[in-house]
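S.K.: Test case, fold it:
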Amino acid sequence: MIRGIHHTAISTGDMERALRFYKDLLGFEEVFNFGWQAGNTVVDNITGLRDSAAQVVMLRAGNACVELFQYAAPSPKAGDPNRPVCDHGITHLCLEVSDIEDEYARLKAAGMRFHCPPQGAGNGLRATYGRDPDGNVVELLEVTDPDSRVSVVSG
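M.R.: Reported below is the predicted structural model:
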């Protein structure tokens, strides 16, 4: 069962500029900030990239979250219907689900393309990326730890 939209992710070439806009101008609060270096197999499996490296900042305003990515690798390129999630602009829509395995199976059977099966992403999270019919990336996210600061959907 789909529980709701968890966050929207935006790739930027200038994290400080993006933070000035979303955090300072719009008033989003920083929830967490982290990064990864090339060679992180779990992140590469989920994103469908190879040897990715990025900085990530999750911001929240009320029950809405925006996740900012600044990729060091791979280098972004002009968009197309199958564009990588590291290109500038909105990178994916995240849907929080209550049973990621069931949703993955249901959507895959309906013809949705996925980068990989659901992966354990740490901190009580399981995730996978798939594509809508136009190539936009849709993440399925299951928050398995009810105390996780990442969950924004109640009930």
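S.K.: from here on, contacts and neighbour counts on C-alpha atoms
M.R.: Noted.
S.K.: The helix or strand bottoming out on mean pLDDT in the chain - contacts with which helices or strands?
M.R.: Lowest by mean pLDDT, DSSP states H and E among the helices and strands of the chain is strand 89-97, with a mean of 84. Strand 89-97 is packed against strand 2-11, strand 137-143, with contacts defined by 3 or more C-alpha pairs under 8 Å, 6 or more residues apart in numbering; DSSP states H and E.
S.K.: winner for burial among these?
M.R.: Comparing the helices and strands packed on strand 89-97 by mean neighbour count (mean count of other C-alpha atoms under 10 Å), strand 137-143 ranks first with a mean of 24.
S.K.: Let me know the angle separating it from strand 2-11.
M.R.: Angle of strand 137-143 versus strand 2-11, following axes from the mean of the first three to the mean of the last three C-alpha atoms, to 10 degrees, is 120 degrees.
S.K.: partners of strand 137-143, with directions?
M.R.: Partners of strand 137-143 in the sheet, by DSSP bridges, are strand 89-97 (parallel), strand 125-131 (antiparallel).
S.K.: just those strands: most buried one?
M.R.: Sorting the strands paired with strand 137-143 by mean neighbours (by mean count of other C-alpha under 10 Å), the first place falls to strand 125-131, with a mean of 23.
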